[in-house]
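Undergrad: predicted model follows, preceded by the sequence.
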Amino acid sequence: MSLSHNRHKKLIEMVQTHGEVRIRDLMSHFNVSEETARRDIKQLEQDGLVVRVHGGAVATQQPKLLAISSRAVSQLAEKNAIAEIALGLLKPGQNLFFGGGSTVLALARRISLLPEMRIVTNMVDTAIAASEGGRHHVVLLGGDFNGDYRVVTGFAALRTLREQQIDIAFIGVNAVHPTLGVFDHEQGGQELAATLAEQARRITVLADHSKFDRSARYRTLPHSAIATIITDQKPAPDILTAIEGAGAEVLYPPQNPS
């Protein structure tokens, strides 16, 4: 049985956006049986879009990334909730690293009235946001500019990071796996995270709830290397237990009493 046109189109969008598809997600999203979900994945593999793995499939090409302007307004309430919690970790005089991504950008946009800090970043938009108000010393790393992600990467950027001690590194990720750690679609994210693991006293991951219980192409850090993961809602109990058992603290907004 062939895929319906609409379902096939949506499946391709999911693969291009997330870099993976999971059997249980397909079952839930399309209200289909496990057999149908597996058949859909097999069809995607025959089309050359994915490679089947246990529990689902991963994309054969890097997922598409929306422009930063689009991502910045997507799930805005969630990003602001995460940024509000992250603000509580900031102190005057700290030397901070703000990584790429729209959730970290949401944090950068909220620090203009805080006492002076030093903000090191590899993202152009974050550097601009952090410099608003003129209070903070902002350092934009040099290196190879990636126009799709609007970040600076490469040897020069990593070398600059290795020359300083970071108090807290705030990074965004593409996926948070319950036991394996955090993942990125790009290998550059893996290299950056490895450098931050050496130079930062504490690494804080900013990730909305949609990133949880997923994986991507490159594992950037195990949970044991992460001090804190900040998200916008409490993860499922089994996921929360697994992450905290693997070594990372998880912070989220207080739940409203029922």
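TA: Yep, that arrived. Numbering: from 1, shown residues only.
Undergrad: tell me the buried residues in stretch 79-97?
TA: Buried residues in stretch 79-97, counting neighbours by 16 or more other C-beta atoms under 10 Å, are found at Lys79, Ala81, Ile82, Ala83, Ile85, Ala86, Leu89, Leu90, Gln94, Asn95, Leu96, Phe97. C-beta: built from backbone N, CA, C; applies to glycine.
Undergrad: between which two of those is the distance greatest?
TA: Ala81 and Asn95 (25.7 Å; C-beta to C-beta).
Undergrad: and for the helix or strand encompassing Arg24, what are the contacting residues?
TA: Using DSSP states H and E, Arg24 sits within helix 23-30. With C-beta atoms under 8 Å, 6 or more residues apart in numbering as the test, helix 23-30 has contacts from 7, 10-11, 14, 32-34, 36-38, 40-41, 55-56.
Undergrad: ok, those vs Gly101, which is closest?
TA: Distances from Gly101 to the contacts of helix 23-30, taken by C-beta to C-beta, are shortest for Met14, at 19.9 Å.
Undergrad: and the closest one, how far from Leu26?
TA: Shown here: Met14 relative to Leu26, a distance of 8 Å by C-beta to C-beta, to the nearest Å.
Undergrad: list the contacts of Leu76.
TA: Leu76 neighbours (C-beta under 8 Å, 6+ apart): Ala106.
Undergrad: buried sites along stretch 190-206?
TA: Within stretch 190-206, the residues scored as buried using 16+ other C-beta under 10 Å are Glu191, Leu192, Ala193, Thr195, Leu196, Gln199, Ala200, Ile203, Thr204, Val205, Leu206.
Undergrad: could these go into CSV alongside distance to Glu132?
TA: Shown next, in CSV, are these (distance: C-beta to C-beta, whole Å):
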residue, distance to Glu132
Glu191, 29
Leu192, 24
Ala193, 27
Thr195, 27
Leu196, 24
Gln199, 26
Ala200, 24
Ile203, 25
Thr204, 22
Val205, 24
Leu206, 19
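Undergrad: return the subset of these lying in helices.
TA: With helices taken from DSSP state H, the overlap with these comprises Glu191, Leu192, Ala193, Thr195, Leu196, Gln199.
Undergrad: quick one: residues contacting the fourth one.
TA: What that stands for is Thr195. Leu158, Leu161, Arg162.
Undergrad: the first one now?
TA: Counting by C-beta under 8 Å, 6+ apart, Glu191 touches Thr153, Leu158.
Undergrad: who's in contact with the helix or strand hosting Leu11?
TA: In this assignment (DSSP H and E), Leu11 forms part of helix 5-18. Under the criterion C-beta under 8 Å, 6+ apart, residues 3, 21, 25-26, 29-30, 40, 43-44, 49-50, 57, 59, 63-64, 174, 214, 216 lie in contact with helix 5-18.
Undergrad: now the buried members of the residues you listed.
TA: 3, 21, 25-26, 30, 40, 43-44, 49-50, 57, 59, 63, 174, 214, 216.
Undergrad: of those, which pair is most distant in space?
TA: The largest separation in the buried ones among the contacts of helix 5-18, counting by C-beta to C-beta, is between Leu3 and Asn174 at 25.7 Å.
Undergrad: mind checking which of the buried residues of stretch 79-97 land in strands?
TA: The members of the buried residues of stretch 79-97 that map onto strands under DSSP state E are Asn95, Leu96, Phe97.
Undergrad: from what I see, the second one and Gln165 are in contact.
TA: Think Leu96. No - counting by C-beta atoms under 8 Å, Gln165 is not a contact partner of Leu96; they are 11.2 Å apart.
Undergrad: pLDDT of stretch 112-125, averaged?
TA: What stretch 112-125 shows for mean pLDDT is 95.
Undergrad: straight-line length of it, end to end?
TA: 14 Å (C-alpha to C-alpha, to the nearest Å).
Undergrad: could you check it and say which residues are buried?
TA: Met117, Arg118, Ile119, Val120, Thr121, Asn122, Met123, Val124, Asp125.
Undergrad: which secondary structure elements does the helix or strand harbouring the last one sit against?
TA: The reference is to Asp125. For Asp125, the host element (DSSP H and E) is helix 124-131. Applying 3 or more C-beta pairs under 8 Å, 6 or more residues apart in numbering; DSSP states H and E, we find helix 124-131 packed against helix 102-108, strand 118-121, strand 137-140.
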